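K.L.:
Pasting the sequence and the predicted coordinates here, then a few questions.
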Amino acid sequence: MTRADNDIYPDIASILSEAPPIGEAQMVMSAKLTPESDACRFTYDSVKGAGERSWLAPGAKVNSSLMDLLVELRN
């Protein structure tokens with residue numbers, strides 16, 4: 001059964017909301033999903049309250065879960 005796009009977005013948001021370290025105001029994620037395969041390149045930035053950005057690595061589990069959802073969204 002195929003889910004609607006609007007059913008996938010909350011799952012992505014849930015993963016992203018749990019990924020940044022405690023005390024970080026926001027996390028920005030960029031993903032580039034290859035059109036011909038199930039490969040994705042992720043970049044993450046942590047944004048502090050004053051708008052200061054720093055690189056963030058949430059881990060392989062986050063990447064894997066997000067990739068699965070992005071592939072589902074693309075399909």
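P.N.:
Cool, the structure landed. Every value quoted in this text rests on a predicted model; they were computed, and no experiment measured them. Numbering: from 1, shown residues only.
K.L.:
By mean pLDDT, flag the weakest helix or strand of the protein.
P.N.:
strand 53-55 (a mean of 85; mean pLDDT, DSSP states H and E).
K.L.:
ok now that one, how far from the chain's centre?
P.N.:
Remark: strand 53-55 is offset 15 Å from the chain centroid, using C-alpha atoms, centre = their mean, to the nearest Å.
K.L.:
what lines up beside that strand in the sheet?
P.N.:
strand 40-47 (antiparallel) (DSSP bridges).
K.L.:
Touching the partner strand from outside, list them.
P.N.:
The contact list for strand 40-47 (C-beta atoms under 8 Å, 6 or more residues apart in numbering) reads 19-21, 24-34, 53-58, 63, 66-67, 70-71. C-beta here means a position set from N, CA and C on the backbone, and glycine is covered the same way.
K.L.:
Could you tell me which of the residues you listed belong to strands?
P.N.:
If you go by DSSP state E, the contacts of strand 40-47 have 26, 27, 28, 29, 30, 31, 32, 33, 53, 54, 55 in strands.
K.L.:
Test of understanding: give the bridge partners of the last one.
P.N.:
Applying DSSP bridges to residue 55 gives these bridge partners: residue 45.
K.L.:
which residues sit in contact with it?
P.N.:
If a contact means C-beta under 8 Å, 6+ apart, then residue 55 has 44, 45, 46 as its contacts.
K.L.:
quick one: the second one from residue 3, how far?
P.N.:
Residue 45 is 28 Å from residue 3, where distance means C-beta to C-beta, to the nearest Å.
K.L.:
repeat for the first one
P.N.:
The spacing between residue 44 and residue 3, counted by C-beta to C-beta, is 25 Å.
K.L.:
These two: which has the busier surroundings?
P.N.:
Per other C-beta atoms under 10 Å, whichever of residue 44 and residue 3 has more neighbours is residue 44, with 19 against 11.
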